[in-house]
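>>> test case, fold it:
(one chain, ligands or ions: 1)
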Amino acid sequence: MPDRPSSSLSAARRLLQFARAHWRMALLQFVLAVFGTSLIIVFPGVVQWFVDDIIPSKDIAGIWKAGGLAVGAFFLREFLFYVRTRVNSVFEQRMIFDLRGQLHRKIARLPLSWFDRQSTGDILTRMADDVPATQRVILEGIEQGLTSILQIIISAVVMFYTNSAFALIVMIPTPFIAAGGWLFARWVAPRAKLAREASSHMNSLLHDTITGIRQIKSYTAEDTKQEDFNEASHRLRQSQQRLMTAWAVYSPLMGFFGSFGLVMLLSLGAYGTIQGEITTGELFKFIFLLGFFFEPIARLHGVNQTLVTGLASAERVFKILDQEGEEDLERGQALIRAQGAIEFQDIGFGYQPEKPVLQHLHLTVHPRQTIAIVGATGSGKSTLFQLLTRFYDPQSGSITLDGKDITAYSRISLRDSIAYVTQDAFLFAGTIRENLRLGKHDATEEELWLALRHACAEEFVRQHPNGLDAQVGERGVMLSGGERQRIAMARAFLKDAPILLLDEATSAVDNRSEQLIQQALETLRQDRTCLVIAHRLSTVVSADVIYVMRQGEVLAHGRHEELLESCAYYRELASLALL
Ligand SMILES: Nc1ncnc2c1ncn2[C@@H]1O[C@H](COP(=O)(O)OP(=O)(O)OP(=O)(O)O)[C@@H](O)[C@H]1O
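I've put the predicted structure just below:
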């Protein structure tokens, strides 16, 4: 649904609020603009002086005086323009810096439930395209808009001062021009928003193609993806074309109204001069003033176009900034060094509340225990970890840590107490060193190598020609699955948190890698409370307690041998190698 222009108005108000933080620079801009623009009145005055006085009286010295005055005024005006452009660029860049920073901060703090509903391409478009478009609103709106409006006012005032009857007549087209501008903005605003959305959708598809390039190639889905992309690209082309058509009609129509005013002035002016109502000098002065009056109006049409489309972008940026549910990382008691007594009590949770994923779930972990969680895929194992880290909060029941509800602790200290190794062992594009330092930002070389040794990753890093400075590629694609997991474990070692959450990878690794990963886990779990989503028999066998999950509930718990005897479902899982 196209939005009403009122939301663009509120976006404009919000942008002004941003500008308020830099009000001194805004004021300086305004003062420079007023001074610079006022100087336009000098030249028409000089023209009148030449025509009515200097030429008839053959005043040669007057030529020098009037010429000097005009050159001085032009020079000062252009100099002020230079200063204003410099100030404006600093002002604009500071505002955009603030806006970008706030947007990134907000995105980083929004809850995961928001990301579940959002496409990555759309978020990227807002940062990469909508923020610069918002920047143009400031540049054009303040720089061009302000000076154009000032120029219109100043030239109108001088025209009225020179001859008010004449001024009234030549301004007849102005209301039509204003109405045209208003209609244009009203028509374009919602369509500009649709164009931004079409661009976002196209970028989302591109993002998916890049991240899923291996799947596309292996399923030879290049043509299908191309068709999807072409469809999105076509929608973008159509919406852009519609905007350009509106502009193609609007711009010359408004230009014609302006030119009509000029012709009217010339004809009426000629008549007035013949009748002796105004002097030839005054007519010349008027022609120049009218030029100064209509020239910024033409400029304002361009500004109008940029403002309308830019405000549609600003609205999309503010939509993210206005999202509710931002995580307050600091609120709550600081958890100093958790003992690791964890209890899930009667937990009920669904990512969408109407679709429960966990129901009446109870689970107890004693400090320094290792518990293994097993269950078929989709039974809710990873969800337990998402709740313990407070990526999501349960709809019913409570989770306690060391006897206190986890909501009593600040998110930051709770998450600092937990090292979470996810199943995909995600690595950031960059070096091994940078990825490890996410665990401890000031880790020394010795600490990095020690963590790698514990994670059984030292050997392959040492063998790499660049060692710790080896690039891992986007999401760690330049490493094997087993290597990625061991780097992720080394990162968890460095974090040295009292609670370890490990989502074992289901993808097969060779025997040697499996042995190394198992060995790393043995070292990592020492002196820590460990919750492992287990897929390997060796992990299950060595756990203190195994929890068997089925469809969001805990079916049984106990040790491996006990469960083999008492739980038919567990036996089934074990025999089908679903562990
Ligand atoms: N972000 C999400 N939004 C909506 N539903 C989700 C989300 N994440 C998981 N689910 C759903 O919740 C259910 C439990 O998922 P969960 O990831 O906890 O299962 P799991 O037991 O860890 O499975 P696996 O062993 O395959 O990782 C599944 O039905 C899944 O489709």
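>>> number of residues surrounding the residue lying closest to residue 429 once chain neighbours are set aside?
The spatially closest residue to residue 429, leaving aside those adjacent along the chain, is residue 474, at 4.5 Å (C-beta to C-beta, 6 or more residues apart in numbering). For glycine as for every other residue, the C-beta is placed from the backbone atoms N, C-alpha and C. Counted with other C-beta atoms under 10 Å, residues neighbouring residue 474 total 13.
>>> next one: the one 5 residues further on
Counted with other C-beta under 10 Å, the neighbours of residue 479 add up to 24.
>>> look up which helix or strand it falls in, please.
Per DSSP states H and E, residue 479 falls between elements, in no helix or strand.
>>> so the residue nearest to residue 429 sits against residue 430, correct?
No - counting by C-beta atoms under 8 Å, residue 430 is not a contact partner of residue 474; they are 9.6 Å apart.
>>> gap between the biggest helix by length in the chain and the chain center?
In the chain, with assignment by DSSP state H, the single longest helix is helix 222-275. Its chain's average C-alpha position is 31 Å from that of helix 222-275, according to C-alpha atoms, centre = their mean, to the nearest Å.
>>> I'd like the next helix or strand past that helix.
Heading C-terminal from helix 222-275 (DSSP H and E), you reach helix 280-321.
>>> what angle sits between that next one and helix 222-275?
150 degrees (axes from the mean of the first three to the mean of the last three C-alpha atoms, to 10 degrees).
>>> for helix 280-321, packing partners?
For helix 280-321, the packing partners by 3 or more C-beta pairs under 8 Å, 6 or more residues apart in numbering; DSSP states H and E come out as helix 5-20, helix 42-49, helix 60-109, helix 131-138, helix 146-162, helix 164-170, helix 174-211, helix 222-275.
>>> to residue 440, which of these lies closest?
helix 60-109 (19.9 Å; C-beta to C-beta).
>>> model confidence over that closest one, on average?
Average pLDDT, helix 60-109: 88.
>>> tell me which other helices or strands the next helix or strand after that helix touches.
Sequence order places helix 112-117 as the next helix or strand after helix 60-109, per DSSP H and E. If you count contacts as 3+ C-beta pairs under 8 Å, 6+ apart, helix 112-117 packs onto no helix or strand.
>>> hmm, who's touching the host helix or strand of residue 531?
Per DSSP H and E, residue 531 falls inside strand 529-533. The contact list for strand 529-533 (C-beta atoms under 8 Å, 6 or more residues apart in numbering) reads 338-342, 365-374, 381-382, 384-385, 388, 423, 498-504, 521, 524-525, 539, 543.
>>> repeat the analysis, applying 7 Å as the threshold.
Contact with strand 529-533 is made by 340, 342, 365, 367-373, 381-382, 498-504, 539, 543, as judged by C-beta atoms under 7 Å, 6 or more residues apart in numbering.
>>> in helices, which of the residues you listed fall?
Per DSSP H, the contacts of strand 529-533 map to helices at 381-382, 539.
>>> residue 573: which of the residues you listed is nearest?
For the ones in helices among the contacts of strand 529-533, the nearest to residue 573 is residue 381 (12.0 Å; C-beta to C-beta).
>>> that closest one contacts residue 371, doesn't it?
No - here residue 381 does not reach residue 371: they are 11.5 Å apart, not a contact under C-beta atoms under 7 Å.
>>> between the two, point out the one with more neighbours.
A count of neighbours by other C-beta under 10 Å puts residue 381 above the other of residue 381 and residue 371, at 23 against 20.
>>> mind listing what residue 44 touches?
With C-beta under 7 Å, 6+ apart as the criterion, the residues that contact residue 44 are 285, 288-289.
>>> which positions in the stretch 301-450 of the chain make contact with the ligand?
351, 357, 375, 377-383 (C-beta under 6 Å from any ligand atom).
>>> columns pLDDT on top of those residues, output as TSV?
Below are those laid out as TSV (pLDDT from 0 to 100):
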residue	pLDDT
351	91
357	93
375	89
377	84
378	87
379	89
380	91
381	92
382	92
383	94
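>>> show the buried residues in those residues.
357, 375, 379-383 (16 or more other C-beta atoms under 10 Å).
>>> below-threshold pLDDT in this structure: ranges please.
1-8, 142, 505-513, 577-579 (pLDDT under 70).
>>> walk me through the domains of this structure.
Dividing the chain into domains by automatic domain parsing, as the record does, gives the ranges 5-321, 342-575.
>>> derive a ChimeraX selection command for the buried subset of the contacts of strand 529-533.
Those of those that count as buried under 16+ other C-beta under 10 Å are selected in ChimeraX with:
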select :340,342,365,368,369,370,371,372,373,381,382,498,499,500,501,502,503,504,539,543
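>>> in strands only, show me the contacts of strand 529-533.
342, 365, 370-373, 499-503 (DSSP state E).
>>> buried set for stretch 100-108?
With the criterion 16+ other C-beta under 10 Å, stretch 100-108 contains buried residues 100, 103, 106-107.
>>> looking at those residues, spot the one nearest the ligand.
residue 107 (17.0 Å; C-beta to the nearest ligand atom).
>>> show me the contacts for the closest residue to the ligand within the stretch 101-250 of the chain.
Nearest to the ligand, among the residues of the stretch 101-250 of the chain, is residue 116, at 4.5 Å (C-beta to the nearest ligand atom). Going by C-beta under 7 Å, 6+ apart, residue 116 touches residue 351.
>>> against residue 222, how distant is the residue in the stretch 201-350 of the chain positioned nearest to the ligand?
When scored by C-beta to the nearest ligand atom, the stretch 201-350 of the chain has residue 350 as its residue closest to the ligand, at 7.9 Å. Going from residue 350 to residue 222 by C-beta to C-beta, to the nearest Å gives 37 Å.
>>> between the two, which one's more packed in?
Counted by other C-beta under 10 Å, residue 350 and residue 222 do not tie: residue 350 has more neighbours, with 17 against 12.
>>> who's in contact with the residue nearest to that one when sequence neighbours are not counted?
Sequence neighbours aside, residue 356 is the residue nearest to residue 350 in space, at 4.3 Å (criterion: C-beta to C-beta, 6+ apart). Contact analysis of residue 356 by C-beta under 7 Å, 6+ apart lists 348, 350, 552.
>>> the same query, at a cut-off of 10 Å, please.
Going by C-beta atoms under 10 Å, 6 or more residues apart in numbering, residue 356 touches 348-350, 380, 395-396, 551-552.
>>> same thing with residue 552?
Contacts of residue 552 (C-beta under 10 Å, 6+ apart): 347-350, 356-361, 375, 378-381, 383.
>>> now it. Its backbone dihedrals?
With angles defined as degrees, to the nearest 10, residue 552 sits at phi 80, psi 10.
>>> if I look at it, how far off is residue 348?
9 Å.
>>> which neighbours do those two have in common?
356-361.
>>> in a markdown table, list those residues along with secondary structure.
Below are the shared contacts of residue 552 and residue 348 laid out as a markdown table (DSSP: H, G, I helix; E, B strand; the rest coil):
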| residue | secondary structure |
| --- | --- |
| 356 | coil |
| 357 | coil |
| 358 | strand |
| 359 | strand |
| 360 | strand |
| 361 | strand |
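>>> looking at the residues you listed, which one is closest to residue 480?
residue 357 (32.1 Å).
>>> report the contact partners of that closest one.
Contacts of residue 357 (C-beta under 10 Å, 6+ apart): 347-351, 378-380, 382-384, 386-387, 392, 551-552.
>>> farthest-apart pair in those, please.
The widest separation within these, taken as C-beta to C-beta, falls between 392 and 551 and amounts to 18.5 Å.
>>> tell me which of these two has more neighbours.
residue 392 (17 against 14).
>>> tell me how many other residues surround the closest residue to the more buried one other than its chain neighbours.
Distances taken as C-beta to C-beta, 6+ apart place residue 386 nearest to residue 392, at 5.2 Å, with adjacent residues excluded. Neighbourhood size, residue 386 [other C-beta under 10 Å]: 18.
>>> could you list the contact residues of the stretch 51-200 of the chain toward the ligand?
Counting by C-beta under 6 Å from any ligand atom, the stretch 51-200 of the chain comes close to the ligand at residue 116.
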